[in-house]
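J.: Give the three-dimensional model of this entry:
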Amino acid sequence: MDTDVRTRIEKTFLSLPPEERDAIISHGVALRLSNLRKRLFLAESKVRHFEEKYKVTLSQLDADGLPNDADYEMHEDYIMWHHWAAVADKTKKDIASLEEIAQQGLYVGELSYAGD
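T.: Alright, predicted model coming up:
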């Protein structure tokens, strides 16, 4: 985003009454948390799929290394497994950060409207 545009948006936002700014932040946090929780569910589902498919956790596989007879599919899955594990880890951190903001004044009732 252009710096001038960002500055104009920030000035406009700051010119709003405090209650309106609080409402915008609360609703934005609620919507973002809803999206992040969906993303976390997807990422953790993908990780569980690989754990069930190969009957091992990613950390154990990393420690032991890929089996000598690992085929192309397992190598590809291993790459995707790492991707989804990283997505899950980052998303958990993002959720934790936003939950800190939410705890600063977001009403639980507002969360129920997010993503409906």
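
J.: burial count for residue 15?
T.: By the criterion of other C-beta atoms under 10 Å, residue 15 has 9 neighbours. The way it works is simple: take the backbone N, C-alpha and C, and place the C-beta from them, glycine included.

J.: Kindly report the same for residue 85.
T.: With other C-beta under 10 Å as criterion, residue 85 counts 19.

J.: mind checking how far it is from residue 47?
T.: Using C-beta to C-beta, to the nearest Å, residue 85 is found at 5 Å from residue 47.

J.: Common neighbours of these two, please.
T.: Common contact partners of residue 85 and residue 47 (C-beta atoms under 8 Å, 6 or more residues apart in numbering): residue 58.

J.: which non-adjacent residue is nearest residue 84?
T.: Closest residue to residue 84 apart from its sequence neighbours, by C-beta to C-beta, 6 or more residues apart in numbering: residue 46 at 3.9 Å.

J.: quick one, what contacts the most centrally placed residue in the chain?
T.: By C-alpha atoms, centre = their mean, the chain has its centre lying nearest to residue 91, at 2.7 Å. Contacts for residue 91 (C-beta under 8 Å, 6+ apart) come out as 36, 39-40, 43.

J.: can I get those residues in JSON lines with secondary structure and neighbour count?
T.: Listed next are those as JSON lines, based on DSSP: H, G, I helix; E, B strand; the rest coil; neighbours: other C-beta atoms under 10 Å:
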{"residue": "36", "secondary structure": "helix", "neighbour count": "20"}
{"residue": "39", "secondary structure": "helix", "neighbour count": "16"}
{"residue": "40", "secondary structure": "helix", "neighbour count": "18"}
{"residue": "43", "secondary structure": "helix", "neighbour count": "20"}
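
J.: which two from those residues end up farthest apart in space?
T.: The span of these, defined through C-beta to C-beta, is set by 36 and 43 at 10.2 Å.

J.: residues of stretch 28-36 that come out buried?
T.: Using 16 or more other C-beta atoms under 10 Å as the test for burial, stretch 28-36 gives 29-30, 32-34, 36.

J.: Relative to residue 55, which of those is nearest.
T.: For the buried residues of stretch 28-36, the closest approach to residue 55 (C-beta to C-beta) belongs to residue 36, at 29.6 Å.
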